[in-house]
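Q: I'll drop the sequence and a predicted model, then ask my questions.
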Amino acid sequence: MCAYVLVAEDDPKQAELVRRYLCREEYTVRVVADGRSAIDEVRRERPDLLVLDVMMPGVDGLDVCRVLRREYDLPVLMVTARVSANDKLLGFDLGADDYLTKPYDPRELMARVRSLLRRARQPSAQQELRVGDLVLDAVRHEVRIGARQVPCTPAEFRILATMVAAPEQVFSRGQLVEQAYGLDGFITERTIDVHVANLRKKIEADPRDPAYLRTVYGVGYKVTNGRRHG
């Protein structure tokens, strides 16, 4: 079954270029030119992936990502002419799974689209992972703390699943990039810090004093059972 890719891009020439490359890969493609239309289309048709331009009229890409992340876990590839590190980190903080700056080679865009779709479809080796009250359900793509469901982006889910599958094992940022995204993920180690910070806000009773997602200074991160010692 062909994946359905929604492209939100207000530049007609850029939108047509992206559409042509996606169609060559035999994806089903629809293009919208503003953020409001992107939100409406996702709610109506639930695409497999959203290629989202940041700088659009009306509702911009950042607001689109903020709104949709409260409702869906579809992969989001954010595209923008903004090149600063802060802009990229803001995009990841709002829930983007990948971030590509303009101008870009369309072949790189296609590689990232394939990578995100492949990761989204990749089955987990275990249907359910559990550490203390923290539970990951791979079939439903759900995270729970006790009875409380925790909304997670696809990237956050993969990072958390990597660590929950090996409780108490310390993962470096580089290991989390590789295991959660693969070698073709185009993700920097700094991005892992942003994802972990977001996960702590969602999971921990006190994100400043985490019980589950612990930092091992100078090394990386690990997941524990949530119990305090000492």
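A: Arrived safely, thanks for sending.
Q: switch to C-alpha atoms for all contacts and neighbour counts from now on
A: Will do.
Q: how near is residue 199 to residue 193?
A: Counting by Cα to Cα, to the nearest Å, the gap from residue 199 to residue 193 is 10 Å.
Q: for residue 47, same thing?
A: Residue 47 is 28 Å from residue 193, by Cα to Cα.
Q: one step back: okay, residue 199 and residue 193: which has more neighbours?
A: Higher neighbour count among residue 199 and residue 193: residue 199, with 21 against 16, using other Cα atoms under 10 Å.
Q: Mean pLDDT per element in this protein, and the minimum belongs to which helix or strand?
A: Taking mean pLDDT, DSSP states H and E as the measure, helix 85-93 is the helix or strand of the chain with the lowest mean score, a mean of 77.
Q: Okay, and residue 190 sits in which element?
A: Assigned by DSSP states H and E, residue 190 belongs to helix 189-203.
Q: Repeat that for residue 16.
A: Using DSSP H and E, residue 16 falls in helix 12-24.
Q: Which residue ranges make up the domains of this structure?
A: 4-121, 128-223 (automatic domain parsing).
Q: can you give me the end-to-end distance of the last one?
A: Its first and final residues considered, domain 128-223 spans 16 Å by Cα to Cα.
Q: Now do the spatially most central residue of the chain against residue 211, distance only.
A: Nearest to the mean C-alpha position of the chain, counting by Cα atoms, centre = their mean, stands residue 97 at 3.0 Å. As defined by Cα to Cα, residue 97 lies at a distance of 25 Å from residue 211.
Q: ditto for residue 180
A: Distance, residue 180 to residue 211, by Cα to Cα: 22 Å.
Q: Please identify which of these two sits among more neighbours.
A: Legend: neighbour count by other Cα under 10 Å for residue 180 and residue 211, higher for residue 180 (23 against 19).
Q: Next, the angle helix 189-203 makes with the helix or strand encompassing that one.
A: Taking DSSP H and E as the criterion, residue 180 maps to helix 173-181. Counting by axes from the mean of the first three to the mean of the last three Cα atoms, to 10 degrees, helix 173-181 lies at 70 degrees to helix 189-203.
Q: Mean confidence (pLDDT) on helix 173-181, please.
A: Helix 173-181 comes out with an average pLDDT of 82.
Q: residues in contact with it?
A: Residues from elsewhere that reach helix 173-181 (Cα atoms under 8 Å, 6 or more residues apart in numbering): 119, 155, 158-159, 162, 183, 185, 187-190, 192-193, 220-221.
Q: Could you do stretch 15-26 as well?
A: Stretch 15-26 is touched from outside by 2, 7-9, 28-31, 106, 110, with contacts defined as Cα under 8 Å, 6+ apart.
Q: hang on, isn't residue 49 packed against residue 74?
A: Yes - using Cα atoms under 8 Å, residue 49 is in contact with residue 74, at 5.9 Å.
Q: CA atoms only: put the next helix or strand after the helix holding residue 190 into CSV for me.
A: Sequence-wise, the next helix or strand downstream of helix 189-203 (DSSP H and E) is strand 213-216. Only the C-alpha atoms of strand 213-216 are listed here, as CSV (Å, rounded to 0.1, in the frame of the first residue of the first chain):
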residue,chain,number,x,y,z
LEU,A,213,14.6,9.2,32.8
ARG,A,214,17.9,9.7,34.7
THR,A,215,20.9,11.5,33.4
VAL,A,216,24.3,9.9,33.9
